[in-house]
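Asker: model this:
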Amino acid sequence: MNLFTDIRTLVIGALEQMTSEGVLPEGLDFANVAVEPPRDAAHGDMATNAAMVLAKPARMKPRDIADVLAAKLAEDARIISAEVAGPGFLNLRLAPTLWQGLVKDAVQGGADFGRSSMGQGLKVNVEYVSANPTGPLHVGHTRGAVFGDALASLLDFVGYNVTREYYINDGGAQVDVLARSVYLRYLEAFGKEVAFEDGTYPGDYLIPVGQALKDKVGDAYVDQPEDVWLIEIREYATEAMMDLIRADLKALGVEMDLFYSEKSLYGTGRIEAALQALDDKGLIYEGVLEPPKGKKPEDWEPREQTLFKSTEHGDDVDRPVKKSDGGWTYFAPDIAYHYDKVSRGFDALIDVFGADHGGYVKRMKAAVSALSDGKVPLDIKLTQLVKLWKDGEPFKMSKRAGTFITLRDVVDQVGADVTRFHMLTRKNDAPLDFDFDKVLEQSKDNPVFYVQYAHARVCSVLRKAAEAGIAADDATLMAADLSKLDSDAEITVAKKIAEWPRLVEIAGRTNEPHRVAFYLYELASELHAFWNKGNDDVSLRFIQEGDAATSQAKIALARAVAVVISAGLGILGVTPAQEMR
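Answerer: Okay, here's the model as predicted:
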């Protein structure tokens, strides 16, 4: 049940009646009419902008529209009052029965309360992490992994058919460097002295890979030239790294539906087919690019290249897809990969990139726009850097990786649940501080703890009800007399619960899972505030001694809070706490 949608339907019905009565002219578009929480809760329960957005096309004063609309809405039993404010905003106060009924809806809906059909029948591909298979995932990848996974779960919650996808960058020169680095560890396993030159990967994580290669092939590659072992070790090392990455993702609670290999695009005609599709649209040509803006590099010289007319689809400059020597640019296989996504019938594509890929956004959007004739939107979400702190100091080193903090370093220290929640306490494009001490702190300032504590408190209420012999199963709570929830404090909590279905639709529409984390903190705050009031006012306590009926109504409110917290944490990939230690 989305109470905001219900009231908006009531508003639209009143506007249609006003049209039929000649108060409003025919043909008005009601699409921008909204019903939302007022900026100041003291003004009412909900507010609508109907009069403001319709005044200009109706050629009427906003207040003239609002006065008539207010009178019509006040005729409905659900509306206690409809008051015009300022130039024409309309503030509504709703009957308590609506909030009380919502508590029942939440308990009855359980894990499905707030689910939406917004994306029903639509397929969306969410590509995230997609790290080079050259080592373990680092903390930057952790943020992208959590964000992408939570976004995929959010879209599933609002009705989309979601595919979680990882693009394995195994077609470039970096996998050759990986193979050479593993070869050095392989030689080291035989007791040979080796030196890691610049450009190779010196991390300790390759030591077991080199040893495993020795166990597999013996001394077959020792002192052999590169052309003997490069291809085989490249395949072996890439798969070993992907096994490591899959294990790291699993430790974080991330499981992909598909791992797509870049290498599968080479030598299969897929790159050529994608570029031919662009060529058929007149978007491929031979030309010379202008020199880079700013100071011209000393070695720059004009060269004819095969170019994609990306400027015709919103890019700043056209982009090369084939180099003057005939080789593909990095962009060419990415075009082919997204052409494959479009060909698989997705209705929308989402890519989650690190902040260092910001310059790639326009060209990638241009490619998808061109390949799909503008029919498949591509949303690219950039995740900003994560700064790690411990004991008040920057935390920079990892023995296992050699040069960076790994995903496993973080998860091993604070756990997957804490890691995931905290990574979503900032919008994806804002920098994030991750303080190992503070994320484990048991205080209101730690959102992870505060939300989990709220859920655990509800669980404790249910346990105390059982100890007191008060039936508190969901069927009993749904049948409780919820009219007993009549205090302002109880209605305030119910109002926050009512925002959940609207919130998830907004978050799903904007591809912003951090909104869920923010909302859960607000809901937890309302529960804790209500709990604290019960310390002073016995009538607000969830367990009313000697009054099972009133207790069950109040427990139903607590249970509704837990239902929403559990659903929200489920979207974030966090396990709700049953008790706090």
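Asker: got the contact list for Ala14?
Answerer: 69, 72-73 (CB atoms under 8 Å, 6 or more residues apart in numbering). Backbone N, C-alpha and C define where each C-beta goes, glycine included.
Asker: Name the nearest of those relative to Ala277.
Answerer: Within the contacts of Ala14, proximity to Ala277 (CB to CB) peaks at Leu69, which comes in at 51.5 Å.
Asker: what about that closest one, how many neighbours?
Answerer: When counting by other CB atoms under 10 Å, one arrives at 25 neighbours for Leu69.
Asker: part of a helix, is it?
Answerer: Yes: with DSSP: H, G, I helix; E, B strand; the rest coil as the criterion, Leu69 is part of a helix.
Asker: Double-check it against Glu16; I have them as touching.
Answerer: No: Leu69 is beyond contact range of Glu16, at 11.3 Å (criterion: CB atoms under 8 Å).
Asker: what residue lies at the spatial centre of the protein?
Answerer: Leu151 (2.6 Å; CA atoms, centre = their mean).
Asker: Got the confidence number for that residue?
Answerer: Here the pLDDT value assigned to Leu151 is 98.
Asker: Renumber starting at 36 from here on
Answerer: Sure thing, new numbering starts at 36, so read that last one as Leu186.
Asker: residue contacts, the nearest residue to it once chain neighbours are set aside?
Answerer: Leaving out its chain neighbours, the residue that sits closest to Leu186 by CB to CB, 6 or more residues apart in numbering is Pro548, at 5.0 Å. With contact set as CB under 8 Å, 6+ apart, Pro548 has these partners: 182, 185-186, 188-189, 459, 542, 606-607.
Asker: Now do the SS call for the residue located most distally from the centre of the chain.
Answerer: Centroid-distance maximum for the chain: Asp258 at 49.0 Å, with CA atoms, centre = their mean. Going by three-state DSSP, the secondary structure assigned to Asp258 is coil.
Asker: what are the phi and psi values for it?
Answerer: For Asp258, the backbone dihedrals (degrees, to the nearest 10) come out as phi 60, psi 20.
Asker: quick one: it from Ser165, how far?
Answerer: According to CB to CB, to the nearest Å, Asp258 stands 36 Å off from Ser165.
Asker: And the host helix or strand of Asp447, what's buried?
Answerer: If you go by DSSP states H and E, Asp447 is part of helix 442-449. For helix 442-449, the neighbour count (16 or more other CB atoms under 10 Å) marks 442-446, 449 as buried.
Asker: show me where pLDDT drops low in the protein?
Answerer: Counting by pLDDT under 70, the ranges of the chain that qualify are 329-335, 432-438.
Asker: per-domain residue ranges of it.
Answerer: 38-129, 158-204+292-418, 209-286, 478-607 (automatic domain parsing).
Asker: Contact partners for Ala542?
Answerer: If you count contacts by CB under 8 Å, 6+ apart, then Ala542 has 189, 548, 550-551 around it.
Asker: could I get those residues as TSV with secondary structure and distance to Tyr320?
Answerer: Below are the contacts of Ala542 laid out as TSV (DSSP: H, G, I helix; E, B strand; the rest coil; distance: CB to CB, whole Å):
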residue	secondary structure	distance to Tyr320
Leu189	helix	41
Pro548	coil	41
Arg550	helix	43
Val551	helix	46
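Asker: Tell me the most packed of those, by neighbour count.
Answerer: Within these, Pro548 tops the neighbour count with 29 neighbours, counted by other CB under 10 Å.
Asker: So what sits opposite Asp414 in the bridge?
Answerer: Ile385 (DSSP bridges).
Asker: That one and Arg544 touch, don't they?
Answerer: No: using CB under 8 Å, Asp414 makes no contact with Arg544, being 10.9 Å away.
Asker: Can you list the buried residues in stretch 260-275?
Answerer: 264-265, 268-269, 271-273, 275.
Asker: May I see these arranged in TSV, with secondary structure and distance to Asn567 as well?
Answerer: TSV is the format used below for these (three-state DSSP; distance: CB to CB, whole Å):
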residue	secondary structure	distance to Asn567
Trp264	helix	68
Leu265	helix	66
Ile268	helix	63
Arg269	helix	61
Tyr271	helix	60
Ala272	helix	57
Thr273	helix	55
Ala275	helix	54
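Asker: quick revisit: let me see the contact set for the residue nearest to the centre of the chain.
Answerer: Here Leu186 is in contact with 161, 163, 385, 387, 416, 546, 548 (CB under 8 Å, 6+ apart).
Asker: buried subset of those?
Answerer: Among the contacts of Leu186, those classed as buried by neighbour count (16+ other CB under 10 Å) are 161, 163, 385, 387, 416, 546, 548.
Asker: Closest to Tyr195 out of those?
Answerer: Closest to Tyr195, out of all of the buried ones among the contacts of Leu186 and judged by CB to CB, is Val161, at 9.3 Å.
Asker: Any idea what that closest one is bridged to?
Answerer: Under the criterion DSSP bridges, Val161 forms beta bridges with Arg199, Ile385.
Asker: Save the buried residues of stretch 260-275 as a markdown table, and put in distance to Asp350 too.
Answerer: A markdown table is the format used below for the buried residues of stretch 260-275 (distance: CB to CB, whole Å):
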| residue | distance to Asp350 |
| --- | --- |
| Trp264 | 42 |
| Leu265 | 36 |
| Ile268 | 39 |
| Arg269 | 33 |
| Tyr271 | 39 |
| Ala272 | 36 |
| Thr273 | 32 |
| Ala275 | 38 |
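Asker: Gly322 in helix, strand or coil?
Answerer: Relying on three-state DSSP, one would call Gly322 strand.
Asker: That one: what's it in contact with?
Answerer: So Gly322 contacts 339-340, 342, 353 (CB under 8 Å, 6+ apart).
Asker: Over to Met36?
Answerer: Going by CB under 8 Å, 6+ apart, the list of residues near Met36 reads 137, 140, 144, 148, 536.
Asker: For the last one, list the residues it contacts.
Answerer: Meaning Pro536. Counting by CB under 8 Å, 6+ apart, Pro536 touches 36-40, 148-149, 151.
Asker: Secondary structure element for it, which one?
Answerer: Element membership of Pro536, judged by DSSP H and E, is helix 523-545.
Asker: related to what we said a few turns ago, counting only strands, which of the contacts of Gly322 make the cut?
Answerer: 339-340, 342 (DSSP state E).
Asker: Of these, which is the nearest to Asn67?
Answerer: Looking at the ones in strands among the contacts of Gly322 and their distance to Asn67, the nearest is Leu342, at 41.1 Å (CB to CB).
Asker: so the closest one touches Val352, yeah?
Answerer: No: Leu342 is beyond contact range of Val352, at 9.3 Å (criterion: CB under 8 Å).
Asker: Next, show the common contact partners of the two.
Answerer: Leu324.
Asker: Looking at these two, which is more packed in?
Answerer: For Leu342 versus Val352, neighbours defined as other CB under 10 Å are more numerous around Leu342 (21 against 14).
Asker: ok, that one - contacts?
Answerer: By CB under 8 Å, 6+ apart, the neighbours of Leu342 are 319-322, 324, 353-356.
Asker: how does it look with 10 Å?
Answerer: By CB atoms under 10 Å, 6 or more residues apart in numbering, the contact list for Leu342 reads 318-324, 352-357, 364.
Asker: Distance of it relative to Leu324?
Answerer: The value you get for Leu342 to Leu324, if CB to CB is used, is 7 Å.
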